[in-house]
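Visitor: build me a structure from this.
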Amino acid sequence: MNQIKFEQLNEVLYSATLDNGLEVYVLPKHDFYKTYATFTTKYGSVDNHFVPIGQSEPIEVPCGIAHFLEHKMFESKGENVFQRFSKQGASVNAFTTFTRTTYLVSTFVNIKENLITLVDFVQDLYLTDYTVEKEKEIIKQEIKMYDEYPDWLVYIGTLENMYHNHPVKFGVTGTIESISKITKELLYECYKTFYHPSNMLLFIVGPVNPEEIIDLVINNQAKKAYQKFNGVRRIFPSEPPEVVRKQKTIRMPIKTPKCMIGFKNNNSKHKGIKLLKHELSVQILLEFLFGKNSENYDLLYDEGLINNNFSYRHTEEYGFGFSMIGGDTSKPDRLAQKLFDMTQKIKYNPPSKEVFDRIRNKIMGSYLRLLNSPEDIAKQFTRYKFNRINFFEVIDTLQSLSIDNLIEVSNQYFNEENFTFCQIVSNKD
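Guide: Sure thing, here's the model as predicted:
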């Protein structure tokens with residue numbers, strides 16, 4: 001068992017890599033009442049072209065299959081998984097992103113019992129042809145429901161504007177057509193490959209004894225047999241740096257139009273500290289440009305171009321990245337142009353050192369607040385670890401940034417060829 005001390009944060013992280021490749025991390029927080037555990041596979045919606053375990057030739061599977069598999073993991077031959085955790089005083093949930101699938105448990109009692117239940121149910125897939133076909137209809141209805149939500153449509157429309165070939169453009173759920181092609185055999189193939197312990201990470205945070213927890217997991221895994229595996233070979237299509245189209249208009253029954261602009265990261269091959277620095281730099285830029293304390297926000301609000309629905313987000317992983325900015329507006333074309341123009345001004349009018357320090361300290365404060373939430377710690381730690389980043393190095397990285405980093409990123413990122421926007425307007429106009 002290894003341990004790393006983070007003196008600045010007064011934290012000690014314990015870890016072990018098991019013989020089957022599973023990485024286990026334990027963060028004891030004895031001032032917490034709740035224990036939170038996540039069991040995560042580095043497998044998300046973009047992983048639809050890969051070489052299966054034990055084979056030499058790649059296969060391509062339908063989009064949405066990772067999310068579909070997440071749903072099916074909760075099916076078992078015996079007692080319902082949710083009921084089992086409920087009897088043990090715990091709650092369980094799961095989610096799928098572009099790059100990972102996470103199963104999570106929170107509890108105040110029976111910590112060891114609930115942890116082993118989490119590990120055991122994720123490592124035991126049960127499928128039948130009947131239940132797979134039944135799930136198809138459930139997820140198709142879920143997709144149809146999303147297709148009625150303007151916020152979802154403007155989001156996925158912006159992604160489709162950005163990406164020519166990368167599977168990120170399909171979102172996490174896939175499409176009705178792709179879901180129809182999923183079979184029990186393909187689900188087992190994906191499960192055997194991506195749910196191998198060497199592609200997974202178990203993280204536990206709470207008032208626990210790290211030695212006891214790690215020994216518990218080691219003993220559990222020693223009873224299970226897995227073939228040797230050197231890691232997943234993923235295959236991604238080539239992706240041009242420029243966006244697919246500059247604009248897309250969707251018409252539907254809607255009272256207030258929506259506008260979303262997007263910037264596509266055309267140099268998204270960063271890992272580790274480089275990725276973290278780029279991500280944090282973009283976050284500072286967006287906060288400076290469009291945060292509620294910014295001059296731009298006041299200008300847009302006073303002109304009636306935005307309301308409280310206005311937001312911005314940045315997503316970055318190895319292989320793809322993008323920012324989206326927008327919300328409800330009565331003048332989507334004007335808002336799109338104003339937002340783009342505002343991103344260009346930062347190239348010759350960067351924030352002052354005082355403003356830069358204030359925004360950086362605000363982001364630092366948000367990060368420190370995460371350390372008071374076991375859920376946030378677990379989710380962020382795993383996401384960063386899969387990107388070769390230590391979650392507890394964020395503070396040091398933030399402190400190392402300068403205004404020059406922001407100028408460099410803005411020159412590379414906020415460009416015409418990276419820019420697109422999607423709007424939703426009334427079909428009565």
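
Visitor: give me the sheet partners of the lowest-mean-pLDDT helix or strand in the chain and which way each runs.
Guide: Every helix and strand of the chain was ranked by mean pLDDT, DSSP states H and E. The lowest is strand 2-6, at a mean of 85. Strand 2-6 has the following strand partners under DSSP bridges: strand 11-17 (antiparallel).

Visitor: any buried residues in the partner strand, and which?
Guide: By neighbour count on 16 or more other Cβ atoms under 10 Å, the buried set for strand 11-17 is 11, 13-16. Bear in mind the C-beta positions are built from the backbone N, C-alpha and C, glycine included.

Visitor: what do you get for stretch 94-113?
Guide: 94, 96-107, 110-111, 113.

Visitor: average pLDDT for it?
Guide: Mean pLDDT, computed over stretch 94-113, is 96.

Visitor: next: stretch 389-399.
Guide: 90.

Visitor: what's in contact with it?
Guide: Applying Cβ atoms under 8 Å, 6 or more residues apart in numbering, the external contacts of stretch 389-399 come out as 4, 6, 8-9, 11, 13, 272-273, 275-277, 280, 360, 363-364, 367-368, 377, 380-381, 384-385.

Visitor: what's the end-to-end length of that stretch?
Guide: One end of stretch 389-399 sits 16 Å from the other (Cα to Cα, to the nearest Å).

Visitor: buried stuff in the least confident helix or strand of the chain?
Guide: Buried residues in strand 2-6, counting neighbours by 16+ other Cβ under 10 Å, are absent.

Visitor: circling back to that earlier point, show the buried residues in the contacts of stretch 389-399.
Guide: Looks like those have 11, 13, 275-277, 280, 360, 363, 367, 377, 380-381, 384-385 buried, using 16+ other Cβ under 10 Å.

Visitor: can you tell me which of the buried residues of stretch 94-113 is nearest residue 157?
Guide: residue 98 (16.8 Å; Cβ to Cβ).

Visitor: which residues touch that closest one?
Guide: 44-46, 168, 172, 315, 317, 320.

Visitor: mind checking which of these are in helices?
Guide: The helices, defined by DSSP state H, take in nothing from those.

Visitor: mind listing the helices for the stretch 1-150 of the chain?
Guide: For the stretch 1-150 of the chain, the helices defined by DSSP state H, counting those that start in this stretch occupy 65-72, 81-87, 111-122, 129-146, 150-162.

Visitor: what angle do the last one and helix 129-146 make?
Guide: Looking back up the chat, that one is helix 150-162. Here helix 150-162 runs at an angle of 100 degrees relative to helix 129-146 (axes from the mean of the first three to the mean of the last three Cα atoms, to 10 degrees).

Visitor: what helices and strands are in contact with helix 150-162?
Guide: Helix 150-162 is packed against strand 247-252, strand 258-264, strand 320-328, strand 419-426, with contacts defined by 3 or more Cβ pairs under 8 Å, 6 or more residues apart in numbering; DSSP states H and E.

Visitor: hmm, 10 Å instead?
Guide: Here helix 150-162 touches helix 129-146, strand 247-252, strand 258-264, strand 311-317, strand 320-328, strand 419-426, going by 3 or more Cβ pairs under 10 Å, 6 or more residues apart in numbering; DSSP states H and E.

Visitor: okay, these in JSON lines with mean neighbour count, distance to residue 301 and mean pLDDT next?
Guide: Shown next, in JSON lines, are the helices and strands packed on helix 150-162 (neighbours: other Cβ atoms under 10 Å; distance: least, Cβ to Cβ, whole Å; pLDDT from 0 to 100):
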{"stretch": "helix 129-146", "mean neighbour count": "14", "distance to residue 301": "29", "mean pLDDT": "92"}
{"stretch": "strand 247-252", "mean neighbour count": "14", "distance to residue 301": "24", "mean pLDDT": "94"}
{"stretch": "strand 258-264", "mean neighbour count": "26", "distance to residue 301": "15", "mean pLDDT": "97"}
{"stretch": "strand 311-317", "mean neighbour count": "18", "distance to residue 301": "13", "mean pLDDT": "94"}
{"stretch": "strand 320-328", "mean neighbour count": "23", "distance to residue 301": "11", "mean pLDDT": "96"}
{"stretch": "strand 419-426", "mean neighbour count": "23", "distance to residue 301": "19", "mean pLDDT": "95"}
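
Visitor: do you know which of these lies nearest residue 202?
Guide: When the helices and strands packed on helix 150-162 are compared by Cβ to Cβ, strand 311-317 sits nearest residue 202, at 20.9 Å.
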